[in-house]
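Trainee: Here's my sequence, what's the structure:
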Amino acid sequence: MSEERARYWRHPALPEVDLLRARFITHRFGRHVHESYNFSVIEQGVEEFEHRGTLLRAGPGSIVVVNPDTVHTGQAVHPEGWVYRGMYPSADLVAEVAAELGMPPGTPYFPETVLDDPEAARLLSAAHRAGEHGDALAASSLLRSALAGMLRRHADRAPPGDLAAAVPPAVHAAREILHARLVDPPSLEELAAAVGMRPFPLLRAFRAATGLPPHAYLNQIRVREARRLLDGGDPLAAVAAQAGFADQSHLTRHFKRSLGVPPGAYRRARAAAWARPVHYRT
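Mentor: Residues are numbered from 1 along each chain as shown. Alright, predicted model coming up:
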């Protein structure tokens, strides 16, 4: 059985797109979110994941689509694991391509989570390979072609009502407090008092609005801050402390559960301005 492998990086020709190439066997993604879209082409095996309260599966040739800030998980169904190429374009980039196609303004929304679209899968995979091997023109051209096809065939003009609904003011205020206090977060009781609610009603409202309870949401924004600091070249120990993690092992555990790679490997891959061709064994 092949070993687990994962590489998470960004190609200079695709400045608004993160790339992940991975084979996972025992690794399980915890409940997490991305600020970007997630378009993953399954190459081998079957991935199982929870998405908006539903357990879904995606097999070879399928495209898994997760909209920004949507809670999801991920794990292998079979002992041999699954192999996939993940692309994480920013919401701004996808909206830009949508505008170029003449679609209405706003953040495009993909209602279907597992797609059977061979042409889109081919283009996404080709763009990913070009980004893996340093072909700037091909990577950027193929990506925009892939996004255009995905938007034309699969995107809604507007998010459904439940996603478009405004976040309750108390939840918005609670999120702002957590963003401001990564290192010294309040207790649930203190957080509730600060936004004028009782603890349990706030817990329910927060989970309903974000898909996560406050402590799990806090760890997600800590991971985002850790990514920002790692991209800036800060040492791991300093990153852990500044992002509010207890230590490096605490950072590593949550970082890998969200991104699939430990922070050290993430930083090494991102630090290479132009990744050299990688021989990926499966």
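
Trainee: And the strands in the stretch 51-200 of the chain?
Mentor: Ranges of strands within the stretch 51-200 of the chain are 54-58, 63-66, 72-76, 82-89, 114-115, based on DSSP state E, counting those that start in this stretch.

Trainee: between those strands, which one is nearest to residue 35?
Mentor: Smallest distance to residue 35 across these (Cβ to Cβ): 8.7 Å, for strand 82-89. Using the backbone N, CA and C atoms, a C-beta is placed for each residue, glycine as well.

Trainee: and the angle from that closest one to strand 54-58?
Mentor: 110 degrees (axes from the mean of the first three to the mean of the last three Cα atoms, to 10 degrees).

Trainee: could you say what helices and strands strand 82-89 packs with?
Mentor: strand 17-24, strand 38-45, helix 118-133, helix 136-154 (3 or more Cβ pairs under 8 Å, 6 or more residues apart in numbering; DSSP states H and E).

Trainee: Could you pull out the buried residues of it?
Mentor: 82-89 (16 or more other Cβ atoms under 10 Å).

Trainee: give me the element residue 226 is part of.
Mentor: If you go by DSSP states H and E, residue 226 is part of helix 214-231.

Trainee: and the angle for that helix with strand 17-24?
Mentor: Using the same axes, to 10 degrees, the direction of helix 214-231 lies 110 degrees away from that of strand 17-24.

Trainee: right, and the helix or strand after helix 214-231?
Mentor: Following helix 214-231 in sequence, per DSSP H and E, is helix 236-242.

Trainee: Next secondary structure after that next one?
Mentor: helix 248-259.

Trainee: In CSV, list the C-alpha atoms belonging to that following helix.
Mentor: C-alpha atoms of helix 248-259 as CSV (Å, rounded to 0.1, in the frame of the first residue of the first chain):
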residue,chain,number,x,y,z
GLN,A,248,3.7,23.9,18.1
SER,A,249,2.0,20.6,18.6
HIS,A,250,-1.3,22.3,19.1
LEU,A,251,-0.8,24.3,16.0
THR,A,252,0.2,21.3,14.0
ARG,A,253,-2.8,19.2,15.0
HIS,A,254,-5.4,21.8,14.0
PHE,A,255,-3.4,22.9,10.9
LYS,A,256,-3.3,19.4,9.5
ARG,A,257,-6.9,18.7,10.3
SER,A,258,-7.9,21.7,8.2
LEU,A,259,-5.3,21.7,5.4
